[in-house]
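Colleague: Sequence and predicted structure, then a few things I'm wondering about:
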Amino acid sequence: MDFNPVIEASHRRCIEMGLHRDIPRPLSILKGNRLERLLCQNENLVNIALPFMNLLYQFLKGSGFLIDLTDKDGYILSMIGDDNVVELSQNMGMHVGTDMSERSCGTNSIGTCLHENRPVQMAGKQHFIEIFHIWTCSSSPIRDTDGNIIGCLNMTGLHNLVHPHTLGLVFAAVESIENEFRIRRSEDELLQLHQYNQTIINTIDYGILLVDSKGRIRSANGKALDIFSLREDGLVGKKMENIIEDWNDIFTSTEKIGSCSNIECTHVSGNRKKSFSLSVYTIGGSTSAVVMLRDIKNVYELVNKFSGKNAYYTFDDIIGHSQQLQEVVEYSKMISNTPSTVLIQGESGTGKEILAQAIHNMSSRREEAFIAINCGGIPRNLIESELFGYEDGAFTGAKKGGMPGKFELANGGTIFLDEIGEMPVDMQVNLLRVLQEKCITRVGGTRCMPIDVRVIAATNKDLIDEIRKGSFRQDLYYRLSVIPIHLPPLRERKTDIGLLVDHFLENKSQRLGIKAPVISSSDYDLLVNYSWPGNVRELENRIENIVVNGGLPAEFYRLCSDNMQEEATLCSQYEYNMQSLAEWEKIAIHDCLERCEGNITKTAKTLEIDRSTLYKKLKTIKNK
């Protein structure tokens, strides 16, 4: 028998280890718990290799061979083969748990293959131990996807059956086993990637649908199921046209340009309608598509968040200790959590919006939107669509998919209608209807959408006077002024001016990064005693100017001088124009009659007296 260098080296190792050729069986055999742990640790290897061992045995069945699988250290994990060969090998101590390494069995194809890290075939006396001389063995190491040896596949038969093709069969089987490891690793990686992607998709705050070329939903993330209030089996497999109104029209227009964004759509389920924003993206020019959905309420919340439509001020931000202001603050706190409409009246610059925000922030709606709109700052032809929104195609230039109005954006929260006295009379009718019916209809639409909005209105006008002039509806006034609040001008709460001066000096100097100037007592008196016709807003701006310039500018001294002269003139007029009550009544009647162009009915209505009473007073005036 020729000994090649690999086998010769193995024999030398066996002699150095002190092995004897006449040992009756392998030196090391695992049993009990140690064997159970071994099989458990190599369960994956056995499960993958066993099908290929069975397939290989189908070709060799009845030919006098057995096939065994070992771990990386040479311990037998599994054996299959012809009964007589298996029995013969087991009589020699070769069974599951036997250590087939060189240290236990001397030179053999399994032990030497694992030591040399290469396929090995040997027969007869090439084995070191004499009891193995009857065998021919062919072994090949099994490697994982990283190239590490994890086991060995061996085919054993009687030595007269030795043939080079035997090793080729073993090597081919090992290739198949290693390929299966690669496939499973790829599958695991794909599964992990899929699970990773699914986790990401399910954490995204909008719904995602995958729609095939036939318009059927193939997958849906958790948010999509939440939006439609459906389980997966109630959505996946369904036709999109049965889930989303106007789907066919939407997808037809999408195919032309490849995508569409932020189209407002509706899902109808029984008597329930759910609105959401929809975007569609076709996949690679095919008729399949990815659909992204957002609950319309969440869209509105996002719009409000990033457009600054929030209330920042609280009652702590209202500066002043005067009795007039404290009464307003305490009353406002008391009515904050009611749903009733509030009408705040006060001159420009008194802080009407700050008070409105404070009321909102003390109410149960504080976590919802606070939407402010200046009724006097919107063009007459746009105010309706600004307040109530518009549908797709409502007018030339209308945004595709339509646009929500301020009332929709404020749904669940508070809408602040500033300068309500500037609202056109025809729009006042629409506003009154919304307040009464608590629903809105978009421009160009027919569907009435229910809303839950608390309305706070504000004006610097005398609305009673505006009612008399016919520029404000009386019924709207009473609907708005369920809770009327009057903010006093700064000149009526002079004790608060000093507090405001100190507050704004500190605030502006910190914000501008400029050291606050030292104001002399005489200048301080000027600030406190000035009438401030622009109220707190004027005072705030004036203090910022003082901080920037390091003191009171000359212009302010002139303003104070003019202000004192005006007050003196008013006092003088009051002093030298004292009239009896009858004289003042006569002046009022003549003035009103003149303004009403001699119309007795209108004059009587304006003066809030009967026509007969007016005739009597006119007769009395004439006789005098």
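Modeller: Cool, got the structure.
Colleague: Neighbours of K31, how many?
Modeller: If you count neighbours by other C-beta atoms under 10 Å, K31 ends up with 9. Quick note: C-beta positions are derived from backbone N, CA and C, even for glycine.
Colleague: Next, give phi and psi for it.
Modeller: phi -140, psi 170 (degrees, to the nearest 10).
Colleague: could you pull out the strands for the stretch 451-600 of the chain?
Modeller: Residue ranges of the strands in the stretch 451-600 of the chain, as given by DSSP state E, counting those that start in this stretch, are 454-459, 483-486.
Colleague: strand partners of the shortest one, parallel vs antiparallel please.
Modeller: Right, strand 483-486. strand 342-345 (parallel) (DSSP bridges).
Colleague: Residues touching the partner strand, excluding its own?
Modeller: Residues outside strand 342-345 that contact it (C-beta atoms under 8 Å, 6 or more residues apart in numbering): 335, 352, 355-356, 359, 420, 455-460, 462-463, 477, 480-487.
Colleague: winner for burial among the strands of the stretch 451-600 of the chain?
Modeller: Neighbour counts (mean count of other C-beta atoms under 10 Å) averaged over each of the strands of the stretch 451-600 of the chain peak at strand 454-459, with a mean of 25.
Colleague: Can you tell me which helices and strands that one packs against?
Modeller: strand 342-345, helix 352-361, strand 414-418 (3 or more C-beta pairs under 8 Å, 6 or more residues apart in numbering; DSSP states H and E).
Colleague: can you redo the strands of the stretch 451-600 of the chain as a markdown table with mean pLDDT?
Modeller: A markdown table is the format used below for these (pLDDT from 0 to 100):
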| stretch | mean pLDDT |
| --- | --- |
| strand 454-459 | 94 |
| strand 483-486 | 93 |
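Colleague: Need those in TSV (columns: distance to I319).
Modeller: Output for the strands of the stretch 451-600 of the chain, formatted as TSV (distance: least, C-beta to C-beta, whole Å):
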stretch	distance to I319
strand 454-459	19
strand 483-486	18
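Colleague: Would you tell me which of those strands gets closest to E8?
Modeller: strand 454-459 (96.9 Å; C-beta to C-beta).
Colleague: mind listing what the closest one pairs with, with the direction of each?
Modeller: In the sheet containing strand 454-459, its partner strands are strand 342-345 (parallel), strand 414-418 (parallel), by DSSP bridges.
Colleague: looking at those, which is closest to T603?
Modeller: strand 342-345 (26.3 Å).
Colleague: residues of stretch 247-267 that come out buried?
Modeller: W247, I250, F251, T254, C260, I263, E264, C265, H267 (16 or more other C-beta atoms under 10 Å).
Colleague: Could you tell me the end-to-end distance of it?
Modeller: 10 Å (C-alpha to C-alpha, to the nearest Å).
Colleague: now it, how far from the chain's geometric center?
Modeller: Between the centre of stretch 247-267 and the centre of its chain there are 23 Å (C-alpha atoms, centre = their mean, to the nearest Å).
Colleague: Give me the mean pLDDT for it.
Modeller: For stretch 247-267, mean pLDDT rounds to 74.
Colleague: just to revisit the earlier point, so which of the strands paired with strand 454-459 comes closest to K619?
Modeller: strand 342-345 (37.9 Å).
Colleague: Extract the C-alpha trace of the closest one and format it as CSV.
Modeller: Output in CSV follows, covering the C-alpha atoms of strand 342-345 (Å, rounded to 0.1, in the frame of the first residue of the first chain):
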residue,chain,number,x,y,z
VAL,A,342,-66.2,84.9,23.3
LEU,A,343,-66.1,88.5,22.0
ILE,A,344,-63.1,90.5,23.1
GLN,A,345,-63.4,94.2,22.6
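Colleague: distance between that strand and the chain's centre?
Modeller: The answer for strand 342-345 is 35 Å, by C-alpha atoms, centre = their mean.
Colleague: For the lengthiest helix in the chain, which residues meet the burial criterion?
Modeller: Looking across the chain with DSSP state H, the single longest helix is helix 164-203. By 16+ other C-beta under 10 Å, the buried positions in helix 164-203 come out as T166, L167, L169, V170, A173, V174, I177, E178, F181, I201.
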